[in-house]
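Colleague: Pasting the sequence and the predicted model now:
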Amino acid sequence: MKMNLSQAGIGEQTPKVSPFDVRFTNLGNGFYREVRELRNNDFLTARFVYLTWAGLLQLRSDTIISGDTFPVPYQEVKEVAPFKFDPANMKVGDKLVFETKLGNRPQAFNFITEKSECIAEKIAPAASLQKNFSGNGVWLACTTKNDRGFDSKKKSVYLIDYALAIPLEFKSPTRTQEYEITGFTAQ
């Protein structure tokens, strides 16, 4: 899949647009490996590797910047409270709520508790987002709050035929991001 990421930090009036390639590998049981690659003049400048559940819940990530010799570790999910998700039967207004505990790689206690609530805003053919998508999509608007006072909002579309959510928008106190799908080929 090819996407454009439009991103602005605090105080930036003009967002920066970065084209990137993204590959999703289905690992089974709803788990996906997502690899995003940013290039400048066809040279790889950064690679982001994520382990997600259905594209909705990022479990772990690594970032490799060109010239660095090791990946940059980020927080990872240490615990997930049980939750139910039945996208094929969702209706507009239905909610998906999940709670996680986050920490750094070697961290064993004092985790950050994060609660996400997603509301189905629209259910429509996935092709209305990108012509090559099949089946229906569930457009989700999510609000995430953690016990340290950090709140964020995310919009995504869950593609039922692919059992995968694709990000559309992210907003936090420190940055905004918008995603545009510019190409897609199922493999």
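Modeller: Thanks, I have it. Numbering: from 1, shown residues only.
Colleague: show me what contacts residue 58?
Modeller: Contact analysis of residue 58 by Cβ atoms under 8 Å, 6 or more residues apart in numbering lists 50-52, 77. Yep, even glycine has a C-beta here, placed from its N, CA and C like the rest.
Colleague: And the helix or strand that contains it, how far out from the chain middle?
Modeller: Following DSSP states H and E, one finds residue 58 within strand 57-65. Relative to the centre of its chain, strand 57-65 is centred 10 Å away, using Cα atoms, centre = their mean, to the nearest Å.
Colleague: before we move on, what about stretch 7-14?
Modeller: Stretch 7-14 sits 20 Å away from the centroid of its parent chain (Cα atoms, centre = their mean).
Colleague: With stretch 141-154 instead?
Modeller: That offset, for stretch 141-154, works out to 14 Å (Cα atoms, centre = their mean).
Colleague: And it, what's buried?
Modeller: Of all the residues in stretch 141-154, those buried under the rule 16 or more other Cβ atoms under 10 Å are 141-142, 144, 146, 152, 154.
Colleague: who's in contact with that stretch?
Modeller: Residues contacting stretch 141-154 (Cβ under 8 Å, 6+ apart): 102, 112-119, 121, 155-156, 167, 169-173.
Colleague: Helices - which of those land there?
Modeller: Residues of those located in helices (DSSP state H): none.
Colleague: Please indicate which of the residues you listed are buried?
Modeller: Neighbour-count burial (16+ other Cβ under 10 Å) applied to the contacts of stretch 141-154 gives 102, 112, 114, 116, 118, 155-156, 167, 170.
Colleague: Can you tell me which of those residues is closest to residue 11?
Modeller: Nearest to residue 11 among the buried ones among the contacts of stretch 141-154: residue 170, at 17.6 Å, using Cβ to Cβ.
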